[in-house]
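Undergrad: Make a model of this:
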Amino acid sequence: MLYERGESGYEGPPLFKEKVSIRHARGFTIDYHKNYKVVKIMSPFERTTDTMTYVLLQRGTPKPAGYHHAQIIQIPIQSLVPMSSLHIGLVGFLNAENIVTGMGNLTYVSSPKIISRINSGEIREVGKDQGLNEELLIAMHPDLVMAIGSPVSKINRYQSLKLAGIPVMVNSEWIETTPLGRAEWVKLLAALLNKEAEVNRKFGIVEKEYNRLAALAKHSKTMPSLISGINSKDAWFVPNGTSYVCRFFKDAGGSYHWADTRATGSLPLNFETVYPIALKADYWLNLGILGVRSKQELLSKDRRYADFKAFKNGNIFTHNKRHTVDGANDYWESGAVNPHLVLSDLIKILHPELLPQHEMVYYKRVE
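TA: Okay, here's the model as predicted:
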């Protein structure tokens, strides 16, 4: 029998009683059908590729017709290989660490549950980019490989896995411009696990608390000025005005000099451009990916940092409170899916009177 596009021949009742709705993320969509879901991810790698389509098919049910170029993923997935530790936050949010069977790199991990599985040999290192161990991955044959969305890493890099019947899904949360938009990618993992009810409940709590905190900071009496980042290799990368980091600053009630630049990601500047702004800024935040551990370490990099108002007043804070000796930082894992906690930290820094009882989770003062 021939079926029209979207028909699968499945004659049972609809299988997905609970659905997710996407309110903040702009990088993906999910549409529900009786026995399958269609996920579309927008502009993940190549500029010539507008969307990538995936059919999430309930195990044991017939495939729908017409999706010839879509990858088929059997759900709920039972084994996952995330290529970045950034994806561990998504897994942890849904208490699904048990599905992780491999990772691109085992070094930079904060999650105790994932570390335990690594130590027991349940998670194997598969490499990444040019060092990807395709033979190992094909032998493991996970239900899904989740690739990090980076323009540097081309989707064709995984062609051999797709030919071996291993679906590769692009996670391009990096394109999101708001903290809640980044965090909402957890709903994509929930759809892969049939955990829509759980994610709706838990994300709803995060969303409500984030909005409450942003409203609280919006009515603060002052807007302290701030700078972000640090000079590195002749460039100081500051968050652009439409980046999720800038949105954090705004929602925390801060005044940020580059808030009106209309671009995502980071803006590379030289030290001399940042210097006059930094001289007067009340606070200095986010001192690089690894973070700086002391003011003395700052001075060893450049004596001019001592001129900054924030340096003189001791108002330097960075997000490495949960930084491990191996170089992992939980800010990039659980912090990505708990933006309300990150926002709480920032409000505590900029407006301590608004959250007097809050103990900072990801941030700490640089002494």
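Undergrad: Please count neighbours and contacts with C-alpha atoms only from this point.
TA: Noted.
Undergrad: Which neighbouring elements make contact with the longest helix along the chain?
TA: Identified as the longest helix of the chain according to DSSP state H is helix 196-218. For helix 196-218, the packing partners by 3 or more C-alpha pairs under 8 Å, 6 or more residues apart in numbering; DSSP states H and E come out as helix 186-193, helix 244-251, helix 339-350.
Undergrad: And the contacts of the next helix or strand after it?
TA: Scanning forward in sequence from helix 196-218 by DSSP states H and E, the next helix or strand is strand 225-228. Under the criterion C-alpha atoms under 8 Å, 6 or more residues apart in numbering, residues 238-239, 254-257, 277-278, 281-287 lie in contact with strand 225-228.
Undergrad: With stretch 358-367 instead?
TA: So stretch 358-367 is in contact with 292-295, 314-322, 330-331, 335, 341-342, 344-346, 348, going by C-alpha under 8 Å, 6+ apart.
Undergrad: among those, which are in helices?
TA: Those of the contacts of stretch 358-367 lying in helices (DSSP H): 295, 335, 341-342, 344-346, 348.
Undergrad: quick one: which of the contacts of strand 225-228 has the most company?
TA: Neighbour counts for the contacts of strand 225-228 peak at Gly254, which has 27 neighbours (criterion: other C-alpha atoms under 10 Å).
Undergrad: What distance do you get for Leu132 to His69?
TA: To His69, Leu132 is 24 Å away according to C-alpha to C-alpha, to the nearest Å.
Undergrad: Compare neighbour counts for those two and give me the winner.
TA: Leu132 (16 against 10).
Undergrad: For that one, what are phi and psi?
TA: phi -60, psi 130 (degrees, to the nearest 10).
Undergrad: Just to check, it is in contact with Val126?
TA: Yes: contact criterion C-alpha atoms under 8 Å: Leu132 and Val126 qualify, at 6.0 Å.
Undergrad: So for the two, which residues contact both of them?
TA: Joint contacts of Leu132 and Val126 (C-alpha under 8 Å, 6+ apart) are Gly104.
Undergrad: pLDDT below threshold where in the stretch 201-350 of the chain?
TA: 289-291 (pLDDT under 70).
Undergrad: Try it again at 80.
TA: Applying pLDDT under 80 to the stretch 201-350 of the chain flags the ranges 263-264, 288-291, 325.
Undergrad: Also the stretch 1-150 of the chain?
TA: In the stretch 1-150 of the chain, residues with pLDDT under 80: 1-8, 43-50, 129-130, 149-150.
Undergrad: re earlier: pick the most buried one from the helices and strands packed on helix 196-218.
TA: helix 339-350 (a mean of 24; mean count of other C-alpha atoms under 10 Å).
Undergrad: and the helix or strand following that helix, how far from the chain's centre?
TA: Going down the chain from helix 339-350, the next helix or strand is strand 364-365, by DSSP H and E. Relative to its chain's centre, strand 364-365 lies at 22 Å (C-alpha atoms, centre = their mean, to the nearest Å).
Undergrad: Begin at 24, not 1, for the rest of this chat.
TA: Happy to do that; since the first residue is 24 now, the last one works out to strand 387-388.
Undergrad: and strand 387-388, average pLDDT?
TA: The average pLDDT for strand 387-388 rounds to 96.
Undergrad: Neighbouring strands - and their directions - for it?
TA: Partner strands and pairing direction for strand 387-388 (DSSP bridges) are strand 339-341 (antiparallel).
Undergrad: Name the residues of the strand it pairs with that come out as buried.
TA: 339-341 (16 or more other C-alpha atoms under 10 Å).
Undergrad: likewise stretch 317-331?
TA: So stretch 317-331, judged by 16+ other C-alpha under 10 Å, has buried residues 318, 321, 328, 331.
Undergrad: Looking at the buried residues of strand 339-341, which is nearest Phe51?
TA: Ranked by distance to Phe51 (C-alpha to C-alpha), those are led by Thr341 at 30.8 Å.
Undergrad: out of everything not next to it in sequence, what's closest to the closest one?
TA: Nearest in space to Thr341, with sequence neighbours left out and distances taken as C-alpha to C-alpha, 6 or more residues apart in numbering, is Asn309 at 4.5 Å.
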